[in-house]
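# Sequence plus predicted model, see below.
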Amino acid sequence: MAFLKLLRQSPISARIGLAMILINIVAAIFTPWIAPYTETEVVGDVWLEMSREHLLGTDHLGRDMFTRLIYGARNTIAIAFITTILSFVVGIIMGFFAATLGGWTDQILSRIIDILMAFPTLIFALMVLSVVGTSIVALIVVIALLDSTRVYRLSRAVAMDIEVMEYVEAARLRGEGIWWIMRREILPNAMPPLVAEFGLRFCFVFLFIAALSFLGLGIQPPMADWGGMVRENAGAITFGILTPLFPAGAIAFLTVGVNLIVDWFLHIASGLKD
Amino acid sequence: MSGLRGLVIKRILMGLVTIFVISFLIFVGVEALPGDLATAILGQEATPETVAAFRKELKLDLPWYERYVTWLRDFVRGELGTSLANKRPVAELITWRFANTIFLASSAAVVAVPLSIILGILAALYRNSLFDKTISMVTLSTISFPEFFVAYILIALLSVQLIIFPSISNINDQMSFVQKIHSIVLPCLTLTLVVMAHMMRQTRAAIINILASPFIEMARLKGIKRMRIIVLHAFPNALSPVINVVAINLAYLIVGVVIVEVVFVYPGLGQLLVDSVSKRDIPVVQASGLIFATVYVTLNLLADVASILTNPRMRNPK
C-alpha cells in the first residue's frame, strides 16, 4: 500500500499523467470490447465527418477511425513496449558485464558503444532497414539494439558505483559467480534509476517507431498503427479534414502522460521537497 | 596553452576516427549483412545469369575489403556511383538536395537559436512567474510531441484555416529568395518549435545555476539592475553549456529535418534518403547516410571543441 500513500501525496501533474497512461492501457487491453467495429472493416464512405456511428469519422479507405485508433493503441504500445524491454535486457547485461569485469571487456564494449552513439539513430535505422527489409521483428531488433547503447551507458555507470560496495566484495569472496553477483547483488540496487530511465526510453522508442511508421518503413498496413495512420490520412489535412491529427494527437497524449510520471519519479528520486 | 591545443587536436582526431568507423559500418551494414543484395533487389524469380550479371555490375563479386576501399576512395573524390533506381549519377541527385536541406536547417537555426536564448534569459529573469511556468509547460509538451504532429497542426491552422502559407514547400532555382523563404515558413517553424524547447530550458538552467554564485550576489549588493546582472554578468559565464546545447541541437536539426521534409514534400536529402530506402537504392542510401552522419559528427565535434575553449576548467583535466 506504499504506492497508494505515494499517490495521495503526488502532485496534480503526476495524477493527470497516470490517468493518461491508464486510458491507453485500458484501450490496449480491452481493444475488441471497446472498438465498435473490427480492425480492417470498411464501414462507410472515405473521410466521413464525426457522427454517432463513427465517433471520429472514417479514414482514407472508409474504415472507422475510432476503431483503428483503439487497435492502434494495442499494436503501437505493445511493439514499443517489447522493444524497450529487449533494449533494457541487452543494455543492462552488457553494462553490468562491463562494470563487473572491467579491464579489456569494459574498454572494448565502451568504445564500440561510443561510436554507435555518435551515429544519428534515425539514419542508422533507415540504413539497416533498407537492407533487412521492413518486418516487425526486424523493427524491434534494430531499434532495441540501437537504444540499448543508451541503457548500457546508464547501467554501466550505476553498476560501477555498486560494484565497489563491501557486500559485492563479500559475495566475490564467498566465491559467487559473476552472473549471480549481477543478478542478486547489483540489479536490485540499481533498480530506481533504471525504472525512471525505462519511462524515458519508452517515450523515445515509441516516438521513434511512430516516426519510422510515418515514413512508411515501420509497422506496415493494414495493421492499425498510429504513425502509419497519420501517413495514410495525411492528404485529408489539405481539405480541412482533421483526421490525421487524431492518431498524431494520440501519440502526443501518451508521451506527455509518461513524461509527467517520469518527471514526478525523478523529483522523488532526487529527494527534493517543495 | 599547449595542453589546450593538444586537447582540441585529440578531440578532432577522435572525430575523424569516428567518421572513418561509421563509413565502415555503413558499408558493412548495407553490403555484408545476411542475404544477397542482388537477389534481394531482383527478386526470387531472377535467373542465375541475371543475378551473376547484376553482381558483376555492382562489383559484388570482389571481396568485401576491396569494395570498401574502392567505395571510400571514390566517396572522398566525390564519385558516388550511379543510382540503381534511375541509373543517374548519385552525386547529381544529392548535391542540390543537400543544398536545400542545409538551406532549411540553417533558416530554422537562424530563428531558433536567438529566440530560445532570449526566452531562456527572460525565463531565468522572471523565474517562477506565470511567464516562466507557461513557457515551461509549452516546451515540455513540444518535447513530447512527434514532429509530424506539430507540423500538421501548423498546416491545419496556417495553411488550411488562414491560408497564409503553402502546405507543400516546393522550391526551385527560378524562385526569388523571398519566395523561397515564404514557401519554407511552415517546415522552418516546425523545426524551430521542436529544437527550441531543449535549448531554452538549458539556457534557463545554466543562468539560474550561475545566479547562485557569490559574484552575482556582489553585483546585486552593488545595486545593479537585475536585467543587467543577467545579461552582462551571468550570461557570459553560462556561455559554455549554452554553446554546447546549441551545437547538439543543430546536429539534431540535421536529423529531424528528415521527417519534416517528408511532411512538407520538401526536395531535400532526407526525402531522398527515405525514398531510396523504400526502393532499396543502396548507393544513394549509403552516400546520403554518410553525408548525414558526417555533418552530425562534425557538429557534435564543434560542440565539444567550443566547450573546451569556453570553459577554463576543461583546460586542465585531471
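Yep, it's here.

# Against which helices or strands is the helix or strand harbouring A:Met229 packed?
Assigned by DSSP states H and E, A:Met229 falls within helix A:226-233. Contacts defined by 3 or more CB pairs under 8 Å, 6 or more residues apart in numbering or on different chains; DSSP states H and E place helix A:226-233 against helix A:65-101, helix A:187-214, helix A:245-269, helix B:147-154. Placement of C-beta: from N, CA and C, glycine included.

# After the last one, which helix or strand is next? Please name it.
Toward the C-terminus, helix B:147-154 is succeeded by helix B:177-183 as the next helix or strand (DSSP H and E).

# Tell me what angle the helix or strand following that next one forms with helix B:147-154.
Counting by DSSP H and E, the element after helix B:177-183 in chain order, helix or strand, is helix B:185-211. Angle between the axes of helix B:185-211 and helix B:147-154 is 120 degrees (criterion: axes from the mean of the first three to the mean of the last three CA atoms, to 10 degrees).

# In JSON lines: the helices and strands packed on helix A:226-233, plus mean pLDDT and distance to B:Arg88.
Output for the helices and strands packed on helix A:226-233, formatted as JSON lines (pLDDT from 0 to 100; distance: least, CB to CB, whole Å):
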{"stretch": "helix A:65-101", "mean pLDDT": "90", "distance to B:Arg88": "37"}
{"stretch": "helix A:187-214", "mean pLDDT": "87", "distance to B:Arg88": "27"}
{"stretch": "helix A:245-269", "mean pLDDT": "85", "distance to B:Arg88": "35"}
{"stretch": "helix B:147-154", "mean pLDDT": "86", "distance to B:Arg88": "30"}
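
# winner for burial among the ones you listed?
Each of those was given a mean neighbour count from mean count of other CB atoms under 10 Å in any protein chain shown, and the largest, a mean of 24, is that of helix B:147-154.

# Extract the C-alpha trace of that helix and format it as PDB.
Provided in PDB are the C-alpha atoms of helix B:147-154 (Å, rounded to 0.1, in the frame of the first residue of the first chain):
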ATOM      1  CA  GLU B 147       7.500  16.300 -35.300                       C
ATOM      2  CA  PHE B 148       4.600  15.500 -37.600                       C
ATOM      3  CA  PHE B 149       2.000  16.300 -35.000                       C
ATOM      4  CA  VAL B 150       3.400  19.800 -34.700                       C
ATOM      5  CA  ALA B 151       3.700  20.000 -38.500                       C
ATOM      6  CA  TYR B 152       0.100  19.000 -39.200                       C
ATOM      7  CA  ILE B 153      -1.300  21.300 -36.500                       C
ATOM      8  CA  LEU B 154       0.600  24.200 -38.200                       C
END
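
# Figure out how far that helix is from the centre of its chain.
Averaging C-alpha positions (CA atoms, centre = their mean, to the nearest Å) puts helix B:147-154 18 Å from its chain's average.

# okay, now B:Tyr252: neighbour count?
Per other CB atoms under 10 Å in any protein chain shown, the neighbour tally for B:Tyr252 reads 19.

# where does the stretch 101-250 of chain A come near chain B, residue by residue?
A:114-115, A:118-124, A:126-133, A:203, A:207, A:210-211, A:214-217, A:227, A:230, A:234, A:237-240, A:242, A:244-245, A:248-249 (CB under 8 Å from any CB of the partner chain).

# Hey, what's the angle from the helix holding A:Met229 to helix A:65-101? Just curious.
For helix A:226-233 against helix A:65-101, the angle by the same axes, to 10 degrees is 140 degrees.

# what's helix A:226-233 in contact with?
The contact list for helix A:226-233 (CB atoms under 8 Å, 6 or more residues apart in numbering or on different chains) reads A:47, A:59-61, A:68-69, A:72-73, A:76, A:209-216, A:218-221, A:243-244, A:246-248, A:250-251, B:146, B:148-149, B:152.

# what angle sits between that helix and helix A:245-269?
Angle, helix A:226-233 to helix A:245-269, by the same axes, to 10 degrees: 160 degrees.

# need the contact list for A:Val43.
Listed by CB under 8 Å, 6+ apart, the contact partners of A:Val43 are A:Tyr37, A:Glu53, A:His54, A:Thr58, A:Gly62, A:Arg63, A:Asp64.

# switch to 6 Å and redo it
Contact analysis of A:Val43 by CB atoms under 6 Å, 6 or more residues apart in numbering or on different chains lists A:Tyr37, A:Asp64.

# swap in the one 4 residues further on?
Counting by CB under 6 Å, 6+ apart, A:Trp47 touches A:Ala236, A:Ile241.

# 10 Å - rerun?
Shown in contact with A:Trp47 (CB atoms under 10 Å, 6 or more residues apart in numbering or on different chains): A:57-62, A:65, A:233, A:235-236, A:239, A:241, A:243.

# JSON lines for the helices and strands packed on helix A:226-233, including distance to B:Pro283?
Converted to JSON lines, those look like this (distance: least, CB to CB, whole Å):
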{"stretch": "helix A:65-101", "distance to B:Pro283": "30"}
{"stretch": "helix A:187-214", "distance to B:Pro283": "22"}
{"stretch": "helix A:245-269", "distance to B:Pro283": "34"}
{"stretch": "helix B:147-154", "distance to B:Pro283": "28"}
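
# State the distance from B:Leu84 to B:Glu66.
To B:Glu66, B:Leu84 is 20 Å away according to CB to CB, to the nearest Å.

# try A:Ile93
From A:Ile93 over to B:Glu66 the distance is 36 Å, taken as CB to CB.

# same question, A:Trp264
Distance from A:Trp264 to B:Glu66, by CB to CB: 56 Å.

# and if you look at A:Pro192?
Applying CB to CB, the value for A:Pro192 to B:Glu66 is 52 Å.

# How about A:Leu7?
Counting by CB to CB, the gap from A:Leu7 to B:Glu66 is 63 Å.

# One more: A:Ile92?
The value you get for A:Ile92 to B:Glu66, if CB to CB is used, is 40 Å.

# Repeat that for A:Arg8.
68 Å.

# now swap in B:Val246 and tell me
42 Å.

# out of these two, which sits in the more crowded spot?
For B:Val246 versus B:Glu66, the count of surrounding residues by other CB under 10 Å is larger for B:Val246: 24 against 10.

# Report the buried residues of the helix or strand encompassing the more buried one.
In the assignment (DSSP H and E), B:Val246 maps to helix B:239-263. Residues of helix B:239-263 classed as buried by neighbour count (16 or more other CB atoms under 10 Å in any protein chain shown): B:240-263.

# Likewise for stretch A:229-238?
So for stretch A:229-238, counting by 16+ other CB under 10 Å, buried means A:Met229, A:Val230, A:Arg231, A:Glu232, A:Asn233, A:Ala234, A:Ala236, A:Ile237.

# need the residues you listed in TSV with distance to B:Asp74 and pLDDT, can you?
Formatted as TSV, those follow (distance: CB to CB, whole Å; pLDDT from 0 to 100):
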residue	distance to B:Asp74	pLDDT
A:Met229	41	88
A:Val230	38	88
A:Arg231	35	86
A:Glu232	39	85
A:Asn233	42	84
A:Ala234	37	81
A:Ala236	44	80
A:Ile237	42	79
